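1. no sequence on hand, only this structure:
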């Protein structure tokens, strides 16, 4: 995690970081990469959650923007003074540019979730992965002026090629806390989503939601319960980048290598 924090600071201050998931749709135990979580996490290549003694949680939303649900989610976030990170799909940005502009205007973080939501589950080349990241990046920047620094591979897949492609584009790979995969894309029911989050909430969680799903979503109704309940427990809702930055003991910039 310390390496991941250094990488984020390096990105923020324009320094070159040293090159020292798992699924929004796939069950954790269904993906067994040759190199597992311990390997990538120890190198600072991927962030799953952020150990901290502060009562901070990062809410993340994948696959949007969506005109049916994203505006309602933004309204709820504003009501509870919550910031979130939206992992957006490039090709959806062109259809709903005003929504992503609103996300930026209201202080949320935009992050890259590829251009076409491609699952890098096979033997994809670094160049192919890089192109997906680059297309989405360019659309985000052109539409909002915001330069994202975080990348989440669709399906939560991870391997050396994905890490290399992300780093070449200046991105840090971020997944989510394994105990906070709400599987809301399945529309499992409001109570199931609420129970998953509230029963497992802990400092430094990165919670996975979706603001775009096929069919009817339970996410908005679940958030109406989750947000006030966690706020009552003393949690604040921050972007992933803020969560990572606040986990550090203020490492001086000159030490970031």
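-> Now that the structure is in, tell me what you want to look at. This is a predicted model, so every value here is computed, not measured.

2. remind me, longest helix of the chain?
-> In the chain, taking DSSP state H as the definition, the longest helix is helix 126-144.

3. next SSE downstream of that helix?
-> Sequence order places strand 150-151 as the next helix or strand after helix 126-144, per DSSP states H and E.

4. which strands and helices sit next to that next one?
-> strand 109-112, strand 172-174 (3 or more C-beta pairs under 8 Å, 6 or more residues apart in numbering; DSSP states H and E). All C-beta atoms are positioned from the backbone trio N, CA, C, and that covers glycine.

5. among those strands, which is nearest residue 102?
-> strand 109-112 (11.1 Å; C-beta to C-beta).

6. tell me who's in contact with residue 204.
-> By C-beta atoms under 8 Å, 6 or more residues apart in numbering, the contact list for residue 204 reads 49, 50, 51, 52, 54, 56, 57, 177, 243, 247.

7. coming back round to it: need the helices and strands packed on strand 150-151 in a markdown table (columns: distance to residue 95, mean pLDDT and mean neighbour count).
-> Shown next, in a markdown table, are the helices and strands packed on strand 150-151 (distance: least, C-beta to C-beta, whole Å; pLDDT from 0 to 100; neighbours: other C-beta atoms under 10 Å):
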| stretch | distance to residue 95 | mean pLDDT | mean neighbour count |
| --- | --- | --- | --- |
| strand 109-112 | 16 | 98 | 25 |
| strand 172-174 | 25 | 98 | 27 |
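
8. for residue 45, which of these is the nearest?
-> The closest of those to residue 45 is strand 172-174. By C-beta to C-beta, the value is 6.4 Å.

9. give the bridge partners for the nearest residue to residue 82 once chain neighbours are set aside, please.
-> Leaving aside its chain neighbours, residue 82 sits nearest to residue 237 (3.5 Å; criterion: C-beta to C-beta, 6 or more residues apart in numbering). Beta-bridge pairing of residue 237 under DSSP bridges involves residue 57.

10. show me what contacts residue 237?
-> Per C-beta under 8 Å, 6+ apart, neighbours of residue 237: 56-59, 77, 80-84, 227, 230-231.

11. residue 169 against residue 129, yeah?
-> No - using C-beta atoms under 8 Å, residue 169 makes no contact with residue 129, being 9.3 Å away.

12. of those two, who's got more company?
-> Per other C-beta atoms under 10 Å, whichever of residue 169 and residue 129 has more neighbours is residue 129, with 24 against 19.

13. so what's the closest residue to that one other than its chain neighbours up against?
-> Excluding its sequence neighbours, the residue lying closest to residue 129 (C-beta to C-beta, 6+ apart) is residue 165, at 3.8 Å. Residues in contact with residue 165 (C-beta under 8 Å, 6+ apart) are 126, 127, 129, 130, 133.
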